[in-house]
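S.K.: Okay, predicted coordinates and the sequence, questions at the end:
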Amino acid sequence: MSWNNIIGQKQQIRTLRKALETERFAHAYLFTGPEGSGKESVAFEIASIFNCRSVKTSNSKGACGTCPECLQVQSFMHPNIEYIFPVESSLLDPGDSAKKENKRFTEAKERYDALLEQKKQNPYFSPAMERSMGILTEQIITLQHKASFMPREGSKKIFIISQAERLHPSAANKILKLLEEPPPHVVFILVSSRPETLLPTIRSRCQTIKFSRVTAGDLKLWLLEHHPEIKDPELSFIVSFSRGNLRLAWELINSRDSNPSETATILLRNQALDYLRLLLTPSRFYEAINACEKHAKTFSRSELTLFLAALLLFFQDVNHRRIKPDFQELNNPDIADAIDRFVKNFPNPDFFKISTITEEAIRSIERNANPLLVMASFTAEIKGLLQRV
């Protein structure tokens, strides 16, 4: 990666680059901002710059991304880089030789490795083990031990703490001690979407960099430059659906179908609209129920999220055209005729309730709720809110 690959955040990047160039980089930073705004990707770029073999006299372009040091950072194997996120306690204690304990550790390690692999595939993904109680004291004790060792000559140790708001109270107190007496060869980067929940004493010992949600314009420009193969309507769908969340945008990009005329995102959108047509046709409601059950059982959670998000974007387009018939900045410009027909047939739905229900269903799926129950409830509620004239 290099600074040029960071999406948006121009002011934040200028501040950090100036600190690096003037050798006034703070010993501890707190990166705050919405989820998916690219905070961790910037943290890893800094980690690469401090250890990259090609960055010695100038870091104007950032790390090279190709030297052995950079490749080690990208694979989470660099000895100077520590990446901390919420894990299960069984991962930190392999237990004795008892078979049961060894099995627990092995299974936890497999889940941990799977999360790291997902992070490698999506730099905007923030991993956390489902059974975790947060960032544990043992993790910070290990960090304290590693902080006592010097890095390779001419480099620094970089400790990146993801989701710092999930620090266990005792872990937070131990990281505070490190921040109060920081080793000169260590840079701490705490990353949090909810910095207000951190100890005030921790916040006061870090220089805060506030990240903003990536604008639709910045994301679209980045996609046009780095993924010119993505065209409308898929381009508009990715920008609209992600709503500035780069994790979601990256997932959409990586899930693209090999056939440009029928990409995975557009295919899911069309399936969502087919489901909506069944739902709103009185004689085909039974088919809608069957479709609901089928999608809940066959789609992955990410696919269900996309499915519901496609409906949300469609409802947004309908509401825009209902208020302003000549509205042009549609999420789905390729199906403008279908949007206009919907406006004509359903002129006065409660779009606030419809949007709220759809967003709640998306959040429920993301929080591992039962997909079938979520979709069944969503189907019943939406049916009641949409009545033909």
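M.R.: Noted; the coordinates are in hand.

S.K.: give me the low-pLDDT residue ranges for the chain?
M.R.: Counting by pLDDT under 70, the chain contains low-confidence residues at 1, 56-60, 93-101, 153-154, 255-264, 387-389.

S.K.: residue boundaries of the helices in the stretch 251-389 of the chain?
M.R.: For the stretch 251-389 of the chain, applying DSSP state H, counting those that start in this stretch gives helices covering 264-280, 285-298, 301-323, 336-345, 351-366, 371-385.

S.K.: before we move on, what about the stretch 101-250 of the chain?
M.R.: 137-147, 169-180, 200-204, 216-226, 234-242, 246-254.

S.K.: and the second one, what other elements does it pack with?
M.R.: Helix 169-180 sits against helix 137-147, strand 186-192, helix 200-204, with contacts defined as 3 or more CB pairs under 8 Å, 6 or more residues apart in numbering; DSSP states H and E. Yep, even glycine has a C-beta here, placed from its N, CA and C like the rest.

S.K.: Point out the most buried one among the ones you listed.
M.R.: strand 186-192 (a mean of 24; mean count of other CB atoms under 10 Å).

S.K.: Show residues contacting that one.
M.R.: With contacts defined as CB atoms under 8 Å, 6 or more residues apart in numbering, strand 186-192 is touched by 25-32, 39-40, 43, 46-47, 50, 126, 147, 156-165, 175, 178-179, 182, 198, 202, 206.

S.K.: swap the cut-off to 6 Å and go again
M.R.: Residues from elsewhere that reach strand 186-192 (CB atoms under 6 Å, 6 or more residues apart in numbering): 28-32, 39-40, 43, 147, 156-162, 164-165.

S.K.: re earlier: out of the helices of the stretch 101-250 of the chain, which is closest to Ser283?
M.R.: Ser283 lies closest to helix 234-242 among these, at 30.5 Å (CB to CB).

S.K.: And for that closest one, what's in contact with it?
M.R.: Applying CB under 6 Å, 6+ apart, the contact partners of helix 234-242 are 216, 219-220, 248-249, 252, 263, 265-266, 309, 313, 331.

S.K.: next one: it to chain centre, how far?
M.R.: Taking CA atoms, centre = their mean, to the nearest Å, one finds helix 234-242 lying 15 Å from the centre of the chain it belongs to.

S.K.: what sits against Ala369?
M.R.: Here Ala369 is in contact with no residue (CB under 6 Å, 6+ apart).

S.K.: pull the CA atoms of stretch 196-216 into CSV?
M.R.: Output of stretch 196-216 as CSV, limited to C-alpha atoms (Å, rounded to 0.1, in the frame of the first residue of the first chain):
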residue,chain,number,x,y,z
GLU,A,196,-15.8,8.2,24.4
THR,A,197,-15.8,4.8,26.2
LEU,A,198,-12.0,4.8,26.6
LEU,A,199,-10.5,6.0,29.9
PRO,A,200,-10.0,9.8,29.8
THR,A,201,-6.4,9.2,31.0
ILE,A,202,-5.8,7.0,28.0
ARG,A,203,-7.3,9.6,25.6
SER,A,204,-5.2,12.4,27.1
ARG,A,205,-2.0,10.6,26.5
CYS,A,206,-2.7,10.0,22.8
GLN,A,207,-2.7,12.5,19.9
THR,A,208,-6.2,12.1,18.4
ILE,A,209,-6.7,12.0,14.7
LYS,A,210,-10.4,12.1,13.7
PHE,A,211,-11.3,10.2,10.6
SER,A,212,-14.5,11.1,8.7
ARG,A,213,-16.8,8.9,6.7
VAL,A,214,-15.5,8.6,3.2
THR,A,215,-17.6,10.6,0.8
ALA,A,216,-19.4,9.1,-2.2
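
S.K.: So which bits of that stretch are buried?
M.R.: Using 16 or more other CB atoms under 10 Å as the test for burial, stretch 196-216 gives 198, 202-203, 205-206, 209, 211, 213-214.
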